[in-house]
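Colleague: got a predicted structure plus its sequence, pasted below:
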Amino acid sequence: MTVRPCLGYPGYRCNRLIQGGSRCVDCQRATYRIKNATRPQFEIRIYSSSAWKRLRDQVMAEADGVCHWCGATDVELSADHVRTVREYPELALEPSNVVAACRSCQRQRQNR
């Protein structure tokens, strides 16, 4: 693994040397806090609810390790909304609106 400087978080560059990843543990935590501070409260309530966690676990169990969007296997999957929660909050806990997706597909869909 290559050693490189940490990217820090918005407004701060710590430059600690790390192996793998892009941020040290402290900067990861700070980035998460900043992201959550700007996230709409209804999203925080949805993603921390037990109903979402049950739905997420159900979708992941049914996925059999295959990304819904690209069909990749042997990748880390997470639950992804087909129609975004911000645009369609009423579909947040609808099983037909949640699929298993790899990180690269989720990023591509978020950046569209």
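Modeller: Thanks, I have the structure now.

Colleague: how is this protein partitioned into domains?
Modeller: Listed domain ranges for the chain are 3-38, 41-110 (source: automatic domain parsing).

Colleague: can you flag the weakest of the ones you listed by average pLDDT?
Modeller: Per-stretch mean pLDDT for the domains of the chain is lowest at domain 3-38 (a mean of 91).

Colleague: and the strands in this protein?
Modeller: 3-5, 17-19, 77-81, 98-102 (DSSP state E).

Colleague: winner for burial among those strands?
Modeller: Across the strands of the chain, averaging neighbours per residue (mean count of other CB atoms under 10 Å) puts strand 98-102 on top, at a mean of 22. Just so you know, the C-beta spots here come from the backbone N, C-alpha and C atoms, and that holds for glycine as well.

Colleague: which neighbouring elements make contact with that strand?
Modeller: With contacts taken as 3 or more CB pairs under 8 Å, 6 or more residues apart in numbering; DSSP states H and E, strand 98-102 sits against helix 50-63, strand 77-81.

Colleague: now do the contacts for residue 28.
Modeller: Residue 28 makes contact with residue 21, according to CB atoms under 8 Å, 6 or more residues apart in numbering.
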